[in-house]
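Peer 1: next comes the sequence, and after it the predicted model I'd like to discuss.
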Amino acid sequence: MKVLGIMGSPRMKSNTDPLLDEALKGAQSQGAEVEKIIVDRLNIAPCREFYGCLRDGNCVIRDDMDAIYPKLLEADRIIVASPIFFYRLTSQIKALIDRCQALWARKYVLKRAPPDSGRKGAFIAVGATKGKRLFDGSKLTVQFFFQAIGVTYVDELFIRGVDKKGEIREHPTALSDAFELGKRLAQT
Ligand SMILES: Cc1cc2nc3c(=O)[nH]c(=O)nc-3n(C[C@H](O)[C@H](O)[C@H](O)COP(=O)(O)O)c2cc1C
């Protein structure tokens, strides 16, 4: 089983990054093969609505997304991990998701269904405040992203009240909860 982790924070080894690492370790503990994409290190242009994808399901922009599309389609499990920026995912990860309009076009316009092999996904997010609806908007985005690429949203871990770089390490349960999420995801 291949588990792909998509790390959406621009801060390495801060809060989102260790959460995702723990989740991937949890998946690994179940025998999964894991890979982490650090989106901030990639060159991913935002969607420009050229809509070349409506013709053949391929984006006309040539950048690091070329290597990401096959990974998104081959993974058996996908974990999206992001800090909350203005009640949403970071722009880095949102650019990656928007460029998946090409995969949306394959599914809904060209009627070429994505691989349906019971692919599943989870969402991990962390924010500084404690607002009740802190994760609502981002969750909808991730759910719709998963739907477009043929992945079922099955699990989530939302951590409130964590702000400073690396503060997640002081949280009593977050890292072990992330490990357990990864484990569950690889078992289902
Ligand atoms: C541009 C920006 C916008 C943010 N917006 C929110 C927000 O809307 N709600 C919130 O609770 N925290 C917000 N935060 C705080 C981050 O979510 C928080 O610091 C988080 O722990 C960062 O995780 P990271 O260190 O893994 O990047 C924002 C931070 C930045 C830099």
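Peer 2: Good, I have the coordinates.

Peer 1: from the ligand, how far off is D17?
Peer 2: Using C-beta to the nearest ligand atom, to the nearest Å, D17 is found at 6 Å from the ligand. Placement of C-beta: from N, CA and C, glycine included.

Peer 1: do D177 as well
Peer 2: 15 Å.

Peer 1: for that residue, grab the count of nearby residues.
Peer 2: 19 (other C-beta atoms under 10 Å).

Peer 1: excluding chain neighbours, what is closest to it?
Peer 2: Once flanking residues are discounted, D177 sits nearest to L157: 5.5 Å by C-beta to C-beta, 6 or more residues apart in numbering.

Peer 1: secondary structure class for the one you found?
Peer 2: Following DSSP: H, G, I helix; E, B strand; the rest coil, the label given to L157 is strand.

Peer 1: now do the contacts for it.
Peer 2: Contacts for L157 (C-beta atoms under 8 Å, 6 or more residues apart in numbering) come out as L19, A23, A122, F123, I124, A125, A174, D177, A178, L181.

Peer 1: please redo it, this time with the cut-off set to 6 Å
Peer 2: By C-beta atoms under 6 Å, 6 or more residues apart in numbering, the contact set of L157 is I124, D177, A178, L181.

Peer 1: which SSE is the residue positioned nearest the centre of the chain in?
Peer 2: For the chain, the residue nearest the mean C-alpha position is V80 (2.0 Å; C-alpha atoms, centre = their mean). Here V80 sits within strand 77-83, counting by DSSP states H and E.

Peer 1: which residues outside that strand are in contact with it?
Peer 2: When contacts are defined by C-beta under 6 Å, 6+ apart, strand 77-83 is touched by residues 3-9, 16, 19-20, 23, 89-90, 93, 120-126, 142, 151, 185.

Peer 1: now the helix or strand just after that strand and strand 77-83, what's the angle there?
Peer 2: Where DSSP H and E defines the elements, the next helix or strand beyond strand 77-83 is helix 91-98. Using axes from the mean of the first three to the mean of the last three C-alpha atoms, to 10 degrees, the direction of helix 91-98 lies 140 degrees away from that of strand 77-83.

Peer 1: quick check, distance from whatever helix or strand comes next after helix 91-98 to the centre of its chain.
Peer 2: Downstream of helix 91-98, the first helix or strand assigned by DSSP H and E is helix 101-104. In terms of C-alpha atoms, centre = their mean, to the nearest Å, the centre of helix 101-104 is found 16 Å from the chain centre.

Peer 1: residues making contact with the helix or strand that helix 101-104 is followed by?
Peer 2: Using DSSP H and E, the helix or strand that follows helix 101-104 in sequence is strand 120-126. Contacts of strand 120-126 with the rest of the structure, by C-beta under 6 Å, 6+ apart, involve 15-16, 19, 77-84, 135, 138, 142, 146, 151-159, 162, 181, 185.

Peer 1: nice, that's everything, thank you.
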